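Novice: Fold the following for me, if possible:
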Amino acid sequence: MGYVHAEIQLRNPRLPELSPLAVTAMVDTGAMTLCIPEHVALQLRLETHAMREVTTADGRKQMVPYAGPIEILFENRNCYVGALVLGDDVLLGAVPMEDMDLVVSPSHRRVVVNPESPNFPHALAK
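Specialist: Residues are numbered from 1 along each chain as shown. Down below sits the predicted model:
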């Protein structure tokens, strides 16, 4: 299917005077979290709350900062998350996508709001 990207905005909710940062995120439904490069964490003035051990695609384990909070905005959706600070690109994982009720449209190779709940996110809480 190739890579899927999404135009999102990232915002530090603790510093509302900072403008949201518009970024193109690689979408990876096999990844769980939001990952951001260090320069994004610096621009948003995020606080590092802890260190987390991660295993990267090549099998290496490393300790990386876990920073936040971050508000993610996509179309008429938003969510609040922490982010792993690593890599060169923003990576949007499954947890924030699920929180915002977003789906990948394989035929269009893009992220879309769930067509079954177009007006606001739906969550299953059973």
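Novice: and the longest strand for the protein?
Specialist: strand 61-74 (DSSP state E).
Novice: So in that sheet, which strands flank the next helix or strand after that strand, and in what orientation?
Specialist: Moving toward the C-terminus from strand 61-74, the next helix or strand (DSSP states H and E) is strand 77-85. Strand pairing for strand 77-85, using DSSP bridges, gives strand 34-36 (parallel), strand 61-74 (antiparallel).
Novice: buried sites along strand 77-85?
Specialist: Buried positions in strand 77-85, judged by neighbour count with 16 or more other Cβ atoms under 10 Å: Arg77, Asn78, Cys79, Val81, Gly82, Ala83, Leu84, Val85. For every residue, glycine as well, the C-beta is placed using N, CA and C.
Novice: so of the strands paired with strand 77-85, which one's packed in deepest?
Specialist: Across those, the average number of neighbours (mean count of other Cβ atoms under 10 Å) peaks for strand 34-36, which reaches a mean of 25.
Novice: Which SSE is immediately downstream of it?
Specialist: Next along from strand 34-36, by DSSP H and E: helix 38-43.
Novice: Can you classify Val95 by secondary structure?
Specialist: Val95 falls in the helix class when you classify it by DSSP: H, G, I helix; E, B strand; the rest coil.
Novice: My guess is it contacts Val81. True?
Specialist: Yes - taking contacts as Cβ atoms under 8 Å, Val95 lies within contact range of Val81: 7.0 Å.
Novice: before we move on, back to that, format the buried residues of strand 77-85 as CSV; extra columns: distance to Pro37 and pLDDT.
Specialist: Shown next, in CSV, are these (distance: Cβ to Cβ, whole Å; pLDDT from 0 to 100):
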residue, distance to Pro37, pLDDT
Arg77, 23, 97
Asn78, 21, 97
Cys79, 20, 97
Val81, 16, 97
Gly82, 15, 97
Ala83, 10, 97
Leu84, 11, 97
Val85, 7, 98
